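Trainee: model this:
(one chain, ligands or ions: 1)
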Amino acid sequence: MPRRPSLLLLLVAFVIGMAPAAVSQAFRTAAPLRIGAAWYPEQWPPDKYPGRWDADLTLMQQAHMNVVRIGEFAWSSLEPSEDHYDLDWMEQAIALAARHHIAVVIGTPTDAPPAWLTSKYPDTLGMNADGRLREHGGRRQFNYASPTYRRLCALIVARLAERFGHNPNVIGWQIGNEYTDESFDPATRARFQQFLHDKYKTLANLNQHWSTAYWSQTYTDWSQIPMVNAGGNPGLLLDHKHFVTATWRSFQREQIGILRAAILPTQFITTNIGGLGWSDNWDHYAITADLDLASWDNYVGEGHLQAARNAMLNDLVRGWKRQNFWVMETEPGSVNWAPINNALDPGETRALAWQTIGHGADAVLYWQWCDALNGQEQYHGAIVGPAGRPLPIYTEIQQLGHDLDLTSSALAGTAPQSQMAILHDYDSRWAIDFQPHSKDYDQQQVLLRFYTPLNAIAQSSGHAIDIVDPASAPLDAYKLLVAPSLNVISADLAGRLVAYVRQGGHLILGPRAGMKDEFNAVNPQRQPGPLAGALGGHVVQYYALLPAPLIAVTAPDGATGTADTWAETLAATAPDTRIDLVYGPGNGWLTGKPAMITRTIGSGSISYLGTLLSPDLLRSLLQRAAAQAGVAPPAQHLPPEVELCVRAATSQGKIRRVFILINHSDTPHSATLSGSFLSLLPDIHAVAAGIASSTPSTQIDLPPQGIAVLTQNSEPIR
Ligand code: GAL
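Mentor: A predicted model of the protein is given here:
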């Protein structure tokens, strides 16, 4: 039995600000997939609800669930008064779960401090940007930078780690819950000023990078620098985002340090990232870098599953650590926070889960098992009702659980494989959103415009699209890179991109690329800034477009389409820079000007597309670029309603692939895959459809919202 570290030792780890130890590798082995729910046993104490825990866990087991997350809001039940702990109930809940073969992820409860804490230590309260001090009664009222709050967090986390860090039924830890609110109190502002001092060293340096002669913003003392999150100097706004990232990162690192010193190496550490994956209140690459695995909360909200958008968000999440992830929360059919909390249709909840697994999720947990009888979320979707009896959605989730029983061993250890990547980074996101210049330049929609055709191209050959950080991803792993809104390009990043192209890579820059440097100052050489030399061209001027009229664009081969929202006129300055697209006549400043240019460099190329194109033209342009870059050609016949996700693993020189087909529509559809397959789920049959060019093909008939999970016959999974 390994020796457990004492509480004192754990707190020493906190006090000296211990950086996280090398993260655990053990849990990354091909573990079975997990399905489960957020469960709050503290809301159903056995003395008031006898037998309820066991009844809940029995129903979970009957739904084939094998994991619960507990504890992330339970501070007042774990430490009812200062320094008086009650961890026995949690131990009993974990033991009972084990009897039902259900593993546990423990959430540290630091997102919801108890009332005794906030009243005794008011300096732990956070302040909103409008100067209002937050108060008890909701959650997230704490100040993420407060040393007092962090000390109190360390105490409760150390207790939990000491008690459960060696519990064999605890498989992982979630730190806090959806890091959300920063604080604008005077003490945090002083920390921001110190952060700037550490970064810029001298005020002269800061004044120069922020161009503070503008509007007499020049600072003569660090204490004069304001802390705002809107309307400020763009350099300051970007640095505030960096400060928020660094502050959450140190908040998280303190808990990682305590946990890692005490828990089994097989227990993972994560946090559940909110904001529907798209949030950008801090840099997700930086925060997930310190975690063993990324996890996120995947909700639909109002309306229905938008397949392309949800596919993109899952790929974005996979890109944070460039590895598979967990969906720590998803809706059991509906939420309570959308304008209209409609229910997903029958089959849609299962399709959503399979889509996320197809894009790299190794676990899907529902929020929540059962709604509390009171509290702010009484109307939220749940799996069982207030009396603990299954709601209608239970059967569908049970079916998913059964699906996973049948497929988990085939899927374990597999991940999506990509030949093409989209470059996405938070500095660029922030820089554009501080000054969008057009309310219609919605970066999620811009990304989706490029992602949708690229994903269709990738899926037709059994691949995925990666969405990755240009500064840290191994770019040479990809044949084609597309950067829709890479607004901030430092000299270092430009160097990486040029090296990629010189080694034979193909790079397509989209609108607004390279306008800014890493201080959010305008690059004097115009877009794409430090890449203008390699491109042999640059942007002459940018224009925000009104919704109508659409702008005609034409290619030299006669292909036509339209442009909207944003248009940049380009100039080719090198003799070997080619003009790919031109704005049509009658369009004012745009008339006859290049909209896209390309330069070939060795066997690689760099292109700049200065506008947002209509779907058909963009798709054909990207198809041609993918073919020229050597991306695998289409091999599968898929109707547009059917998505194909392939997860693969290589072992002993042999590749094994699992094909997941999802019919996102409410009518039946068939897909034809090249090869012969074995269906792992009942009711779906893979029927030999003939032999074309010596390759057998297989037809799969999918009912409405139907799912097929297939392995290639020739490569049986043992
Ligand atoms: C999440 C949160 C959960 C719950 C859920 C409701 O953002 O982490 O605690 O509030 O939303 O949809």
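
Trainee: who's in contact with the residue in the stretch 351-500 of the chain that the ligand sits nearest to?
Mentor: Of all residues in the stretch 351-500 of the chain, the one sitting closest to the ligand is residue 367 (5.0 Å; Cβ to the nearest ligand atom). All C-beta spots, glycine's among them, are computed from the backbone N, C-alpha and C. Contacts for residue 367 (Cβ atoms under 8 Å, 6 or more residues apart in numbering) come out as 37-38, 297, 329-332, 380.

Trainee: now the strands for the stretch 201-350 of the chain?
Mentor: Residue ranges of the strands in the stretch 201-350 of the chain, as given by DSSP state E, counting those that start in this stretch, are 268-270, 272-273, 295-298, 325-330.

Trainee: Within the sheet, what are the partner strands of the third one, with directions?
Mentor: Its sheet considered, strand 295-298 pairs with strand 272-273 (parallel), strand 325-330 (parallel) by DSSP bridges.

Trainee: quick one on the thing from earlier: now, which of the contacts of residue 367 lie close to the ligand?
Mentor: With the criterion set as Cβ under 6 Å from any ligand atom, the members of these near the ligand are 297, 329, 380.

Trainee: Which residue, other than its chain neighbours, is closest to the first one?
Mentor: Same thing as residue 297. With sequence-adjacent residues excluded and distances taken as Cβ to Cβ, 6 or more residues apart in numbering, residue 297 is closest to residue 329, at 3.9 Å.

Trainee: residue ranges with poor pLDDT in this protein?
Mentor: 1-30, 690-694, 713-718 (pLDDT under 70).

Trainee: max-length strand in it?
Mentor: Longest strand of the chain, by residue count under DSSP state E: strand 560-572.

Trainee: Give the other helices and strands that that one contacts.
Mentor: strand 537-544, strand 551-554, strand 577-583, strand 594-601, strand 611-613, helix 615-628 (3 or more Cβ pairs under 8 Å, 6 or more residues apart in numbering; DSSP states H and E).

Trainee: could the ones you listed be laid out in TSV, adding mean neighbour count and distance to residue 48?
Mentor: Below are the helices and strands packed on strand 560-572 laid out as TSV (neighbours: other Cβ atoms under 10 Å; distance: least, Cβ to Cβ, whole Å):
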stretch	mean neighbour count	distance to residue 48
strand 537-544	19	60
strand 551-554	20	66
strand 577-583	21	69
strand 594-601	22	67
strand 611-613	25	58
helix 615-628	18	57
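
Trainee: Identify whichever of those lies nearest to the ligand.
Mentor: Closest among the helices and strands packed on strand 560-572, once you apply Cβ to the nearest ligand atom, is strand 611-613, at 31.1 Å.

Trainee: can you list contacts of the closest one?
Mentor: In contact with strand 611-613 (Cβ under 8 Å, 6+ apart) are residues 446, 449, 511, 551, 553, 561-568, 583, 595-596, 621.

Trainee: can you check stretch 110-129 too?
Mentor: 72-73, 75-76, 79-82, 133-136, 139-144, 146, 148-149, 152-153, 156-157, 175-178, 181-185, 187-188, 228-230, 255.

Trainee: now with 6 Å?
Mentor: 73, 75-76, 81, 133-134, 136, 139-143, 146, 148-149, 153, 176-177, 181, 183-185, 229 (Cβ atoms under 6 Å, 6 or more residues apart in numbering).
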